[in-house]
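Peer 1: Next come a sequence and a model predicted from it.
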Amino acid sequence: MTMLVGENSSGKTSFFALLYESISALGRFRVYDDNAPFDLGTFEDIVHRPSDGSVPGDCYSTAFVFSSSDNPPDHLEDEPLRELHATYTYKEERGVRYTDQIDTALDGCRISIMRDGNNVRFCYKDDESNINLLYSSKNNRAYRYIDSSYGVQFFVEQTIKFLRDTQVDNLLQLEVLESKTTNPGPAADRIAELLDYYEHHCSDVPWHVIPTSAIRAAPRRIYIPSASPTLEQEVDRIPYALNRLKQYEPEKWEALRTQLRHFGKQSGLFTDVDVRPLGGRSSANPFELIVSRGLVETNMIDVGYGVSQVLPFICDILIDTDPFPPNSIKMYYVQQPETHLHPAAQAALGSFFYDLSKRANTYVILETHSDFIIDRIRQEIQRDPDYNEKSSSMLFFQNDGGASQVHQLQFDSQGNVLNAPSGYRDFFIREELKNLGVDIGFDNR
């Protein structure tokens, strides 16, 4: 779990948009959602603009460091710490952003794959070798291969074939621009090892990015199913999903209902949730969502706004309609789930998301302004005998004259925040005072 904390307009959503771009680059395919907050803006919005008014840059880069100690390949488990570096550089052509160059490095071995017009240049360097190749294709589109991790793997594999004197892909044409190596065999082995590390770490990239928040469509008193869902029903899909679950998968419905009851009692928001058909039990009949507190049953539209907003996104996560394989890695991005909730309910959300983050193959990125959520997560860490300091962290964002400063904070086994910068506590005090209608200035730094 990673928490994103900081004032509005300090860069939290932009950070996630950049993270999503990185996931797309490292992942095996793009996992795009038109409704997700993943837009980094135009190329001009992204590139650095010097404060002295000089010409802005013509590219931007994202860089990563993967440590072999985090999750080493099985056959390399006993090796000493090694770090794989990867940098992706982007440029613009006719208003479209594209991948211009990819650099990877491991133990002094460096690979650069870059666009050269419609072709691709491949460069490899180590202490003994300097290899420079040019790949072109019959359809004049070789450059399009470098937009994903598959492209990186493809050109690396072709170079290994060339160095081992085997046939490269027949769709490619290869020109040797420079080749300084005493023995191509060891160079091919080192390139293959770098590719092994790269593929391994790419396999840890989430297959499915799931954005969700507490801001939802307004509840309705009666829902009417349709064989051809309207746009409104697609946007507000959770009530219909619950109705189908109860009609067609009663065991899954009862399991979900048990989890909802647990969260409802922990948060103090409700004690039960049900789907009640009107006019019979046919899946085509209208239905209503019923929320109970003790013996009192209430239509969803008549309960507090907080319940009607938080319940759908909790269901969105618990129903898990992920179309990818069961073992696929998922990342949940949750924006300010505390909206319209009282402190006890906010704290219960902290427990909910901590438990979610402990599921296998699950990452949680939680953007929040709530001290109650964070304090509960700290309590969960303190109670967790299996807590690993690498499993949870916080990114604290500060707006410094239009530029974002990001501080990475860790939690120890007692839930204490480590290395908090000045201004960290002031942020939460200021948020609490805003909730009370008091506006007192603090120095952000």
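Peer 2: That came in fine, so what should we check first? Keep in mind that this is a model prediction, so the values were computed, not measured.

Peer 1: Remind me which helix or strand residue 176 belongs to.
Peer 2: Here residue 176, judged by DSSP states H and E, is contained in strand 172-180.

Peer 1: Measure how far that strand is from the centre of its chain, please.
Peer 2: On the basis of CA atoms, centre = their mean, to the nearest Å, strand 172-180 sits 38 Å off its chain's mean C-alpha point.

Peer 1: Which elements pack onto it?
Peer 2: strand 130-137, helix 149-163 (3 or more CB pairs under 8 Å, 6 or more residues apart in numbering; DSSP states H and E). To be clear about C-beta, it is placed using only N, CA and C from the backbone, and glycine gets the same treatment.

Peer 1: quick one, domains of the chain?
Peer 2: 58-202, 208-435 (automatic domain parsing).

Peer 1: Parallel or antiparallel, which strands does the strand holding residue 176 pair with?
Peer 2: strand 130-137 (antiparallel) (DSSP bridges).

Peer 1: so how far is the strand it pairs with from its chain's centroid?
Peer 2: Centroid displacement of strand 130-137 relative to its chain, using CA atoms, centre = their mean, is 34 Å.

Peer 1: Identify each buried residue in it, please.
Peer 2: Residues of strand 130-137 classed as buried: 131-137 (neighbour count, 16 or more other CB atoms under 10 Å).

Peer 1: ok, and the closest non-adjacent residue to residue 92?
Peer 2: Leaving aside its sequence neighbours, residue 92 sits nearest to residue 43 (CB to CB, 6 or more residues apart in numbering; 4.0 Å).

Peer 1: Could you identify the helix or strand that succeeds whichever helix or strand residue 242 is part of?
Peer 2: Applying DSSP H and E as the criterion places residue 242 in helix 238-248. Remark: after helix 238-248, the chain's next helix or strand is helix 250-267, criterion DSSP H and E.

Peer 1: what comes into contact with that following helix?
Peer 2: For helix 250-267, the external contacting residues (CB atoms under 8 Å, 6 or more residues apart in numbering) are 242, 245-246, 269-274, 311, 314-315, 318-319, 341, 344-345, 347-349, 351-352.

Peer 1: now do 6 Å
Peer 2: Residues from elsewhere that reach helix 250-267, judged by CB atoms under 6 Å, 6 or more residues apart in numbering: 245-246, 270-273, 318, 345, 348, 352.

Peer 1: Got a quick ChimeraX command for the buried subset of those residues?
Peer 2: Buried members of the contacts of helix 250-267, defined by 16+ other CB under 10 Å, are picked up in ChimeraX with:
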select :245,246,270,273,345,348,352
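
Peer 1: rewinding a little: and the residue nearest to residue 92, how far from residue 90?
Peer 2: According to CB to CB, to the nearest Å, residue 43 stands 8 Å off from residue 90.

Peer 1: Which residues are in contact with each of the two?
Peer 2: Common neighbours of residue 43 and residue 90 (CB under 6 Å, 6+ apart) are residue 97.

Peer 1: Would you mind giving the orientation angle of the helix or strand containing residue 374 with respect to helix 250-267?
Peer 2: In the assignment (DSSP H and E), residue 374 maps to helix 371-383. Helix 371-383 and helix 250-267 meet at an angle of 110 degrees, taking axes from the mean of the first three to the mean of the last three CA atoms, to 10 degrees as the criterion.

Peer 1: now helix 371-383: how far from the chain's centre is it?
Peer 2: 22 Å.

Peer 1: for stretch 172-191, same thing?
Peer 2: Offset of stretch 172-191 from its chain centre (CA atoms, centre = their mean): 37 Å.

Peer 1: And it, what's buried?
Peer 2: Buried-residue list, stretch 172-191, by 16+ other CB under 10 Å: 172, 181, 184, 187-188, 190-191.

Peer 1: what two of those residues are the furthest from one another?
Peer 2: Largest separation among the buried residues of stretch 172-191 by CB to CB: 172 and 190, giving 22.1 Å.

Peer 1: Residue 122 belongs to a strand, doesn't it?
Peer 2: Yes: according to DSSP: H, G, I helix; E, B strand; the rest coil, residue 122 belongs to a strand.

Peer 1: My understanding was that it contacts residue 133; is that so?
Peer 2: Yes: counting by CB atoms under 6 Å, residue 122 does reach residue 133; the two are 4.5 Å apart.
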